[in-house]
Each structure stands twice: as structure tokens, then as C-alpha cells.
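In: mind looking at a prediction? Sequence and model below.
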Amino acid sequence: MTNFTQIESVIRLRMSAHDGHYAGGLVDGARMLQLFGDVATELLIRLDGDEGLFRACENVEFLAPVFVGDYIEAVGKVTRVGRTSRTMEFEARKVIRPLPVEKGGKAVSSAEVLEQPIVVCRARGTCVTPLELQKNKA
């Protein structure tokens, strides 16, 4: 089997107007969990050769707001491998944010790369890949 301690996944994308769910372009926290699901899928494919199933998500912490225009980097790693279960840790970070609109309502298209990314969400998850679907067995 692949050495699971070296398996990581990173997804980076911009939150679009479609992601804005609340006033002021605030993005629903569930969007971060959706990203964690995509990261988990890649981790399972790399580890088992199969997408597996996301069984549980726990210790979810929403730590900072996410807005339309923010670039979010979702990172995950496998921390434990059981017979069929895989435990993973996830973190979402804001790495770029748009600059505020200037006084007078003049739209600007400027953004800033954050020197220190802002952790916006953390969670732990458990996924399952049935034995008969595990293609990368030792």
C-alpha cells in the first residue's frame, strides 16, 4: 500500500458570486465542507485507487468569514489508515482577498496576496473504502 503519511491534497479556488449566500457577499460555511469533500476524494483516489465514501466530519471549526472574491486553499492529509477507514485532517485558508471598494462606490479590481494566510475552517473526517474497491493494496 502507498505510504499514507506522504499523501496530501491541495485545492485553491476563488469564491464566486454564486458562492455568496448572505448579505455582503458572505459565503456559507458549508462551502468549506464541500471543498473538504473534494480534497478527501482526491486523497482516497491516491491512497486506494477509489473515491470511497465520506462517512463523518467532526471537530468542525469555522474560524473566520469567507467572502465572494476570496481565494481559498483547502488542504488535507491522511492521518490514520485502518482496514477500510481513513482518518483525515482538513484546513481551509484565505490566501488572497479583494481590496475594499473605494469611497464614493467606485469599483476596484485590486486584491492582496496575504503574507500570512488566514485559517478560516478546520475539521477532521473519516472516510471508508470497502476492501473490494481498494486497488492499491500491498
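Out: Here it is on my side, so go on.
In: list the residues that contact the nearest residue to Ala56 once chain neighbours are set aside.
Out: Nearest residue to Ala56, sequence neighbours excluded (C-beta to C-beta, 6 or more residues apart in numbering): Thr126, at 4.6 Å. Any C-beta I mention is one placed from the backbone N, CA and C, and that applies to glycine too. Applying C-beta atoms under 8 Å, 6 or more residues apart in numbering to Thr126 gives the contacts Phe54, Arg55, Ala56, Cys57, Glu58, Ser85, Arg86, Thr87, Met88.
In: ok, Gln25 - contacts?
Out: That one is not Gln; residue 25 is Gly. Ala17, Phe67, Val68, Gly69.
In: follow-up on the earlier one: which one of the contacts of Thr126 is nearest Gly76?
Out: Using C-beta to C-beta, Met88 is the member of those that lies nearest Gly76, at 5.3 Å.
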